[in-house]
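okay, sequence plus prediction incoming.
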Amino acid sequence: MTYWRLITDDGVTASFGLAADECLAARVGAGESEPTLRLYTYRSHCALVGRFQNLDNEVYREYCQAHGVALNRRPTGGGAIIMGADQLGVALTIPGTGLGQPQGGQPQGVAPTYAHARELMAQFSAGVVNGLRALGVAASFRRKNDIEVNGRKIVGLGIYRAPSGGLLFHASLLVGLDIPLMLRVLQTPFEKISDKEIATIAQRITTVRREIGREIELNEVRARVADGYAAAFGVSLVPGNFTAVERRAISNLQSQKYDTAEWVNQTTAVPDTTGAAKLKTPAGLLDVRVTLAGSTLKAVFIGGDFFAAEGAVVDLEASLRWHSAEPNAVAATLACARAARADDLAALPLDSLTQVVQQAIRRAQVAESAARSDPYGCFVSPTGTQPEMTQSESAYA
Amino acid sequence: MPTNGHYSFPPELYYDRANHVWVRRDGEAATIGLDALGLESLGDMAYISLQAIGLPVRRGESLGSLEAAKMVGDLIAPIGGLIAARNEAVLSDPGLINRDPYGAGWIVQLTPSEWASDSAELVHGADLAPWVEAEIERYRAQGWID
């Protein structure tokens, strides 16, 4: 039987929470600490941006400072998130080799390098998925980095590989979520906070409480997730805490990194750029907004007044997330994604959709600087308004 | 050139087994980038940051960080030396690494400090073809490539 330490701690500061996760990843990779599953919560509330995001593109800094919302930067990638007492943080730290295979298989080595991100993500997600299913939530790992319920995101995922080879799997599980607060903290496509905007967010994300239709304590969710990991990896979880040596190392990492403005406010040479395009089609209006990081599509929002089955548009959006912005690649992926939901998207003409997405990408590509770009968040899509395209205008697209 | 499908491994280069990083000796300098299988694992590169020019690094230490999809990791130095140059083009457009990994997508240049001992740890010459074959087979067995 393999043993993992289980640490549960609540109400941690943003800098402690992140420093602890990175510190354990480094130490576990070096054989200095034991593999650890940490299930914890942050002090309400904090906003955590992805490793390379520009904080001022992602959060409303003034609001956060005025309302005590701590800001920090994760070691893992992806979009900005809000964390607090109703969001369960999951941090699994294991060596880069010797990872047990899920579903009770024999332990096997994982490549001592950048093992394929998608497979690692699916593997590490198994514990969270098991835990949610035990609660009656029909969760599944479907995307490159999300766990969803009926097309709605309920968990965001990320992986960080430490120089020592240790792996940190990060997940943020929404037990509950104050959407109006999220809209005040994270920059979104919406200029106001109304029922319509809240409903748009609610179409794309969900929570445990919403899915099971009752109030549930975070501790109950935590217990099911712990059981889920034990079952998925065939390990026994032993409750424990940080050692004195680990606490000193975490404290050092806090003061040298996570408590410094240099880390929190750092920027990247790759500008975020956004573009938007609209197109009137016989099926209705298509309203597309995209965010690019260099030549990569980070986020896509497809709106309008055309008819589509619930969840089908979200599938289209997700198919292009972290995807090359190259026009032919975009067209091919959209064709595959639409074919997969052909009945649900029958009213949406593929040619028009491809045209308007490519046009939005081109507009993002001509944006000259990050200062002109508009932001996006982890659970939402890029903002930006552009004039509507007519069918004839789209012909040049 | 050992290839299997579209996985190209130029024979004149040296390769780090653990991290799929390549090294090319260019006179007194050594140029470093990511090889085809490393990029296959990571997917499209989104961001990269690099240590400052002039910083000394040892083999196995971090040259910087990179993000592809949601996988974040360090670029591990395959050899030791002083950082002599950074490819500013890939810093502002990391997708260049995917588009031209052995050419315009080079990442960093070092002035090697322990070339003889460090390069002995890398795959090169007659060892290259069997290593590439074994790595591709391993990736297939893991289901990471078709």
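Cool, the structure landed.

select the longest helix from chain B.
Of all segments of type helix in chain B, defined using DSSP state H, the longest is helix B:128-142.

point out the residues in chain B that sit beside chain A.
Contact residues, chain B versus chain A (CB under 8 Å from any CB of the partner chain): B:18-20, B:38, B:40-47, B:49, B:60-62, B:65, B:67-74, B:76, B:88, B:91-95, B:138-139, B:142-145. C-beta coordinates here come from the backbone N, C-alpha and C atoms, glycine included.

tell me the pLDDT at the residue positioned nearest the centre of chain A?
When CA atoms, centre = their mean is applied to chain A, the residue found nearest the centroid is residue A:156 (3.6 Å). Predicted confidence (pLDDT) for residue A:156: 92.

residue A:364 too?
Note for residue A:364: predicted pLDDT of 89.

once you drop chain neighbours, what's closest to it?
Once flanking residues are discounted, residue A:364 sits nearest to residue A:275: 3.2 Å by CB to CB, 6 or more residues apart in numbering or on different chains.

ditto for residue A:290
Nearest residue to residue A:290 in three dimensions, chain neighbours excluded: residue A:360, at 4.6 Å (CB to CB, 6+ apart).

pretty sure the residue nearest to residue A:364 sits in a helix.
No: according to DSSP: H, G, I helix; E, B strand; the rest coil, residue A:275 belongs to no helix; its state is strand.

quick one: neighbours of it, just the number.
25 (other CB atoms under 10 Å in any protein chain shown).

against residue B:134, how distant is it?
According to CB to CB, to the nearest Å, residue A:275 and residue B:134 sit 44 Å apart.

also residue A:339?
Counting by CB to CB - residue A:339 and residue B:134 are separated by 37 Å.

tell me where the chain has helices.
Let's take chain A. Counting by DSSP H, the helices of chain A are A:14-29, A:55-58, A:61-66, A:117-134, A:179-185, A:195-202, A:208-212, A:218-233, A:244-253, A:261-264, A:312-319, A:327-340, A:350-366, A:391-394.

not quite, I wanted chain B
B:36-42, B:88-92, B:95-99, B:115-119, B:128-142.

buried sites along the last one?
Neighbour counts over helix B:128-142 (16 or more other CB atoms under 10 Å in any protein chain shown) mark B:128, B:129, B:132, B:135, B:136, B:139, B:142 as buried.

tell me the pLDDT of the last one.
To tie it back to what came earlier, the one meant is residue B:142. For residue B:142, the predicted pLDDT is 71.

do the first one as well
What the model reports for residue B:128 is a pLDDT of 95.

which stretches of the chain have low pLDDT?
The chain I'm using is chain A. A:97-119, A:143-144, A:189-193, A:368-397 (pLDDT under 70).

can you look at chain B instead?
B:1-6, B:69-70, B:143-144, B:146.

if you set the cut-off to 80 instead, what comes out?
Within chain B, the stretches with pLDDT under 80 are B:1-6, B:69-70, B:140-146.

now the most centrally placed residue in chain B: closest residue in space, sequence neighbours ignored.
Centroid check for chain B by CA atoms, centre = their mean gives residue B:21 as the closest residue, at 2.2 Å. Spatial nearest neighbour of residue B:21, excluding adjacent residues (CB to CB, 6+ apart): residue B:78 at 4.7 Å.

what are the phi and psi angles of the one you found?
Dihedral pair for residue B:78: phi -80, psi -20, per degrees, to the nearest 10.

in contact with it, which residues?
Counting by CB atoms under 8 Å, 6 or more residues apart in numbering or on different chains, residue B:78 makes contact with B:14, B:16, B:19, B:21, B:22, B:23, B:32, B:59, B:118, B:121, B:122.

and those, which of them are buried?
B:14, B:16, B:19, B:21, B:22, B:23, B:32, B:59, B:118, B:122.

in chain B, mark out all the strands, start to finish.
Here chain B has its strands, by DSSP state E, at B:3-4, B:7-8, B:14-16, B:21-26, B:29-34, B:45-50, B:56-57, B:62-68, B:71-76, B:81-86, B:108-112.

need the winner for burial among these.
Mean neighbour count (mean count of other CB atoms under 10 Å in any protein chain shown) peaks for strand B:45-50 among the strands of chain B, with a mean of 25.

that strand: partners in the sheet, and parallel or antiparallel?
strand B:62-68 (antiparallel) (DSSP bridges).

burial check on residue A:349, number of neighbours?
For residue A:349, using other CB under 10 Å, the count is 17.

hmm, back to that, distance of the residue nearest to residue A:290 relative to residue B:126?
Counting by CB to CB, the gap from residue A:360 to residue B:126 is 51 Å.

these two - which one has more neighbours?
Of the pair residue A:360 and residue B:126, residue A:360 is the one with more neighbours under other CB under 10 Å, namely 32 against 8.

how near is the more buried one to chain B?
From residue A:360 over to chain B the distance is 18 Å, taken as CB to the nearest CB, to the nearest Å.

distance of that residue from residue A:333?
For residue A:360, the distance to residue A:333 - CB to CB - is 15 Å.

how many neighbours does residue A:196 have?
9.

next one: it from chain B, what distance?
As judged by CB to the nearest CB, residue A:196 and chain B stand 30 Å apart.

need phi/psi at the residue in the stretch 251-397 of chain A positioned nearest to chain B.
The stretch 251-397 of chain A approaches chain B most closely through residue A:295 (3.5 Å), counting by CB to the nearest CB. Here is the backbone geometry of residue A:295 (degrees, to the nearest 10): phi -100, psi 10.

residue contacts, it?
Taking CB under 8 Å, 6+ apart, we find residue A:295 in contact with A:324, A:325, A:326, B:44, B:93, B:94, B:95.

can you tell me, leaving aside adjacent residues, what's nearest to residue A:86?
Per CB to CB, 6+ apart, closest to residue A:86 is residue A:176, 3.7 Å.

same check on residue B:53?
Leaving aside its sequence neighbours, residue B:53 sits nearest to residue B:83 (CB to CB, 6+ apart; 5.3 Å).

so that neighbour bridges to which residues?
Bridge pairing for residue B:83 - DSSP bridges - gives residue B:110.

distance check, the residue nearest to residue A:364 against residue A:299.
Here residue A:275 is placed at a distance of 11 Å from residue A:299 (CB to CB).

which neighbours do the two have in common?
Both residue A:275 and residue A:299 are in contact with residue A:290, where contact means CB under 8 Å, 6+ apart.

residue contacts, residue B:68?
Shown in contact with residue B:68 (CB under 8 Å, 6+ apart): A:117, B:42, B:43, B:44, B:45, B:46.

try it again with 10 Å
A:77, A:114, A:117, A:296, A:322, B:34, B:39, B:41-48, B:94, B:97-98 (CB atoms under 10 Å, 6 or more residues apart in numbering or on different chains).

excluding sequence neighbours, find me the nearest residue to it.
Distance criterion CB to CB, 6+ apart; nearest residue to residue B:68, sequence neighbours excluded, is residue B:42 at 4.0 Å.

my guess is the one you found contacts residue B:21, does it?
No: counting by CB atoms under 10 Å, residue B:42 stays clear of residue B:21, with 11.7 Å between them.

now distance to residue A:85 too, for the helices of chain B, in JSON lines please.
Output for the helices of chain B, formatted as JSON lines (distance: least, CB to CB, whole Å):
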{"stretch": "helix B:36-42", "distance to residue A:85": "35"}
{"stretch": "helix B:88-92", "distance to residue A:85": "39"}
{"stretch": "helix B:95-99", "distance to residue A:85": "39"}
{"stretch": "helix B:115-119", "distance to residue A:85": "50"}
{"stretch": "helix B:128-142", "distance to residue A:85": "39"}
